[in-house]
Every structure is written in C-alpha cells, then in structure tokens.
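Chemist: The amino acid sequence is not available; the structure is as follows:
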Ligand SMILES: [Zn+2]
C-alpha cells in the first residue's frame, strides 16, 4: 500500500561542517531538522518525528539541560513551526493520529507535547535507555525527558512488538529485521542502531510509487553512504555505539548499491531532501 509523503523542515541548528563529516570544512553550516508528514489511506495523518519546537527552549532553560542548548543552539522561524506547516496543509496538530519516533534526540521529538491526539511508536530499547538514564546522563545523550507528554507511556506502542516481515530481496543488504507498523505493509520499521541504541528507520512506497527509506540519523549526510565520509572524532562522542554506527552505514552503502533508484533520506541532509523533492516533481 502506498502512502503520501512530504518532508518538512522544522527548524535548524548550526554545526561545524568538519565535525559532521570528514572532508568537510572548518566552517559553521546549517544543520536542518526534517521530519515527515505521511498521509495513510486508512490511518490518516502520521508524523515521523517532529523536528524542533518552542518547547525545546523551555526544556533547556534549567541546568544541566541548558548545556544542550549551548552545544546546539536551535533556530525556528514562525513559518517553519510544525503547527504553521500543518495549517498550510489544512491540518491541526490534533489531526495527527500517530507520531513515529525515530529516536529520542531532542531535535527529533521537541513537538511531541503539541500532538494531543497522537499515539506514539518507537523501538523498545530506545525507550528503555531513555527512561533508565540519570538526568545528567540524559543531557549527555541528547535526551530531554521534559519533552515527553505526561501520559506518554499510555499512548506508546513498541514497533518491536508488531508483526515481523521479511524484506523485499533488494532490501536484504540492510538486514532481515523489519516490523509492519499497521499490518498492511505500508510502513515498515527497520532498526538502524549505533547512533541511538536501536533507532527506527522507516521503509515505505510513496505516492509516486517510489521506494523510500527514512533513515533519521543513521547518517547525517548522503556522503556517508556515497563516499563513506564518517563524522570526525568529536561527533563520535554523540554516538551510542561507534562500531555499530559504522556497521549501519556500511549496510546503507550496500543497500544504496543494490537499489540505486531508492530514495534514502537522512533527517539532516539538505542534499538528500532536495534530490527527493526534485525526483517527486519530475514524476
Ligand atoms: Zn540523533
């Protein structure tokens, strides 16, 4: 079953390009936060992550959380706010039925509290690590518990508990683990561990009949799978498990090689999003 996919840029922060990937320059570059709006024929409006939200500032006002804001100061223009972008498409935040959470870094989930009717899906291991972390450890890991709705667990289900499905042959390079989120094959959660303990990527076929992998922060740039340009060492500190992160990038490289027509879209790669949009416009 196909779904309608649109990629939304919801704010950005700035990073040193050289740290984000080897071969980059020693200059500050925009690091956009993209999320995805998915319209499912039966389930309705679904988000994959939320990007930034004004709540990020509230959550990073106290210490030690303020360190997070200092490390990655965010920018969110009024017209880039999720609510404004939903309104431009005739949707209210309360119309979002599901929010699929790639992982719990704050630039991916800052808007969860703004979705009053959404249920949530994530990977069990990511949730367990988040809830087990001390306050200081959470900040060190890029997690802000204050961004989670008070009734988060009551509205949560784990992708790992849903029916396992075998990947199509061309996707086997990525591994054989996948979970069918809605029982119709439209959205399949695939683990992309390393950046986060488990991290949930999403396999789908869009309205243009194009196969897409939303890969969140499995890599920050398409250069990772094209040129194996990995982040420089300070950024490695942001990874949950560096060897596993590199292994996941190598799986992405193998997948990209096996399926050149596939659109692989990381959450912070302007080039990948532009390529996806250009191909969508051409069809
Ligand atoms: Zn992340």
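Modeler: Okay, I see it. None of the values given here were measured: they were computed from a predicted structure. Numbers count the residues shown, from 1 in each chain.
Chemist: Any idea what the residue most central in space within the chain is bridged to?
Modeler: Closest residue to the average C-alpha location of the chain: residue 216 at 3.3 Å, with CA atoms, centre = their mean. Beta-bridge partners recorded for residue 216 (DSSP bridges): residue 266.
Chemist: The ion versus that one, what's the distance?
Modeler: 7 Å (CB to the ion, to the nearest Å). Where you see a C-beta, it was placed from the backbone N, CA and C, and this is true even at glycine.
Chemist: Does that residue touch residue 266 like I think?
Modeler: Yes - Residue 216 lies in contact with residue 266 (CB atoms under 8 Å); the separation is 6.9 Å.
Chemist: So residue 98 sits against residue 118, correct?
Modeler: Yes - contact status for residue 98 versus residue 118: in contact at 5.9 Å, counting by CB under 8 Å.
Chemist: Pull up the residues of this structure that are close to the ion.
Modeler: 105, 217 (CB under 5 Å from the ion).
Chemist: Quick one: the helices in the chain, in order.
Modeler: 17-20, 55-59, 66-71, 82-87, 106-109, 124-132, 135-140, 223-227, 233-236, 242-258, 270-282 (DSSP state H).
Chemist: and those, which is most packed in?
Modeler: Neighbour counts (mean count of other CB atoms under 10 Å) averaged over each of the helices of the chain peak at helix 106-109, with a mean of 27.
Chemist: So what touches that one?
Modeler: The list of residues contacting helix 106-109 from outside it, by CB atoms under 8 Å, 6 or more residues apart in numbering, reads 11, 13, 33, 35, 49-52, 56, 59-60, 68, 72, 74, 101-102, 142-144, 147-148, 216-217, 267.
Chemist: still on that earlier bit, so for residue 98 and residue 118, which residues contact both of them?
Modeler: Joint contacts of residue 98 and residue 118 (CB under 8 Å, 6+ apart) are residue 47.
Chemist: Report the spatially nearest residue to the closest residue to the ion within the stretch 151-283 of the chain, omitting neighbours in sequence.
Modeler: Proximity of the stretch 151-283 of the chain to the ion (CB to the ion) peaks at residue 217, 3.6 Å away. Take residue 217 and drop its neighbours on the chain: the residue closest to it by CB to CB, 6 or more residues apart in numbering is residue 195, 4.5 Å away.
Chemist: thought residue 173 was touching residue 248?
Modeler: No - Residue 173 lies out of contact with residue 248 (CB under 8 Å); the separation is 11.7 Å.
Chemist: follow-up on the earlier one: what's the spacing between the residue nearest to residue 217 and residue 276?
Modeler: According to CB to CB, to the nearest Å, residue 195 stands 20 Å off from residue 276.
Chemist: Same check on residue 191?
Modeler: Residue 191 is 22 Å from residue 276, by CB to CB.
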